[in-house]
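>>> sequence first, then the predicted structure, then my questions.
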Amino acid sequence: MKPGRLTGAEGMICKDILFDEIKAVCPAEKDAPMSQHTTFRTGGPADVLAAPRNAEELLKLLAVCESAGVRCCVLGKGSNVLVKDEGFRGVIVVPGGDFCRIEMQGDVIRAGSAATLSELYLFALKYSVGGFERLAGIPGTVGGAVRMNAGAYDSEIADVIVACTYVENGRIVTAPKELLELSYRHSIFCDSEKRVIISADFRLPEPGRDPDEIRAVFRDYSARRAASQPLSLPSAGSTFKRPEGHHASKLIDGCGLKGYTFGGAGVSEKHAGFIVNNGNATSGDVLHVIEHVRQVVFDRTGVRLETEVEIL
């Protein structure tokens with residue numbers, strides 16, 4: 001088999017040939033329904049879903065896929081992703097095991113890429129460390145948050161991270177924050193699927209805080225989210241990036257699009273920046289709503305909305 005990215009029928013053949021080799025490296029399954037692995041609750045099957053439990057298994061898995069020219073994509077909680085209805089031709093990597101660990105390492109907190117931001121907040125709380133409260137409500141993992149420099153309520157990962165350890169070209173690399181090119185919803189990990197995050201180190205932004213005070217701040221931001229966001233419906237969070245000088249939700253609302261629906265998907269009545277699954281949406285429905293919103297907003301305001309949600 002010649003190296004090179006395989007798609008369609010070739011990809012299916014490649015899946016069948018490689019599955020036993022992947023399964024020998026780490027737990028894996030064929031034809032994994034991505035509707036069960038994304039917060040939109042839509043999407044067709046991935047050829048293979050692999051779950052490496054430590055850095056050694058991750059390196060071996062990536063080497064297998066690289067040698068066969070098969071595309072790999074790492075997924076955390078699937079909270080910022082839309083997988084198309086035809087599925088994903090390649091290997092979806094969902095790290096577990098050691099990647100879920102969080103520990104104190106001297107004067108930093110080291111969190112595995114599969115740990116959630118809420119788990120990071122709770123770990124810091126145990127040590128009376130504040131500063132993670134505003135990030136805790138983001139429904140994603142540390143790896144996904146670092147990759148997108150996730151943020152909320154004027155706080156972002158760039159404010160607290162000091163270094164990141166990741167795999168690139170078969171090597172484990174540790175880079176300081178300054179080399180991660182963190183900017184609005186961007187990092188070096190957005191530029192290459194071959195960079196896979198293992199863990200991140202976070203400074204102790206506010207040590208020695210009263211735990212009750214930390215909890216009170218967290219409850220305040222949680223209440224704000226519940227009041228303003230459609231948390232009861234499947235979505236991928238904010239669908240669009242913030243345009244320069246504007247707020248996407250205000251532009252969408254101003255164009256009369258709040259409540260617009262197509263099939264089972266629609267613009268949230270509660271927050272125009274969220275596209276939601278009203279119960280039976282397909283990824284095609286979501287994509288239609290995204291494109292309709294983008295076109296109407298551009299026609300009426302001249303602003304081109306870019307998606308924050310990644311489409312596979």
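That came in fine, so what should we check first?
>>> shaky segments in the chain?
Within the chain, the segments meeting pLDDT under 70 span 1-15.
>>> domain parsing for this structure?
In the domain annotation for the chain, the residue ranges read 8-94, 101-211, 230-311 (automatic domain parsing).
>>> residues near residue 244, how many?
7 (other CB atoms under 10 Å). C-betas here are computed from N, CA, C, even on glycine.
>>> next one: residue 39
Neighbourhood size, residue 39 [other CB under 10 Å]: 18.
>>> for it, which non-adjacent residue is closest in space?
Leaving aside its chain neighbours, residue 39 sits nearest to residue 79 (4.5 Å; criterion: CB to CB, 6 or more residues apart in numbering).
>>> wait, that neighbour sits on residue 139?
Yes: look at residue 79 against residue 139 with CB atoms under 8 Å: they come within range, at 4.6 Å.
>>> which residues do those two both contact?
39, 237 (CB atoms under 8 Å, 6 or more residues apart in numbering).
>>> so residue 135, which state does it fall into?
Residue 135 falls in the coil class when you classify it by DSSP: H, G, I helix; E, B strand; the rest coil.
>>> contacts only, for it.
With CB under 8 Å, 6+ apart, residue 135 has these contacts: 117, 120, 121, 145, 150, 151, 152, 155, 156, 157, 160.
>>> which parts of the stretch 101-250 of the chain are helices?
In the stretch 101-250 of the chain, the helices defined using DSSP state H, counting those that start in this stretch lie at 117-126, 142-147, 211-228, 248-254.
>>> tell me the angle the third one makes with helix 117-126.
For the pair helix 211-228 and helix 117-126, the angle between their directions (axes from the mean of the first three to the mean of the last three CA atoms, to 10 degrees) equals 160 degrees.
>>> show residues contacting helix 211-228.
If you take CB under 8 Å, 6+ apart as the criterion, helix 211-228 is touched by 121, 125, 128, 130, 133-134, 136-137, 152-153, 231, 270-271.
>>> between these, which sits nearest residue 98?
residue 121 (20.4 Å; CB to CB).
>>> contacting residues for that closest one?
Shown in contact with residue 121 (CB under 8 Å, 6+ apart): 132, 133, 135, 136, 218.
>>> returning to what we had before: need the contacts of residue 135 in a markdown table with distance to residue 311, can you?
What follows is the contacts of residue 135, written out as a markdown table (distance: CB to CB, whole Å):
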| residue | distance to residue 311 |
| --- | --- |
| 117 | 23 |
| 120 | 27 |
| 121 | 29 |
| 145 | 19 |
| 150 | 18 |
| 151 | 21 |
| 152 | 22 |
| 155 | 26 |
| 156 | 23 |
| 157 | 22 |
| 160 | 28 |
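>>> give me the distance between residue 52 and residue 226.
To residue 226, residue 52 is 35 Å away according to CB to CB, to the nearest Å.
>>> now do residue 302
Taking CB to CB, one finds residue 302 at 34 Å from residue 226.
>>> likewise residue 187?
The value you get for residue 187 to residue 226, if CB to CB is used, is 29 Å.
>>> compare those two and say which is more crowded by neighbours.
Between residue 187 and residue 226, counted using other CB under 10 Å, the more crowded position is residue 187 (21 against 12).
>>> quick check, the more buried one in contact with residue 181.
Yes: counting by CB under 8 Å, residue 181 is a contact partner of residue 187 at 5.8 Å.
>>> now residue 107: closest residue in space, sequence neighbours ignored.
residue 204 (6.4 Å).
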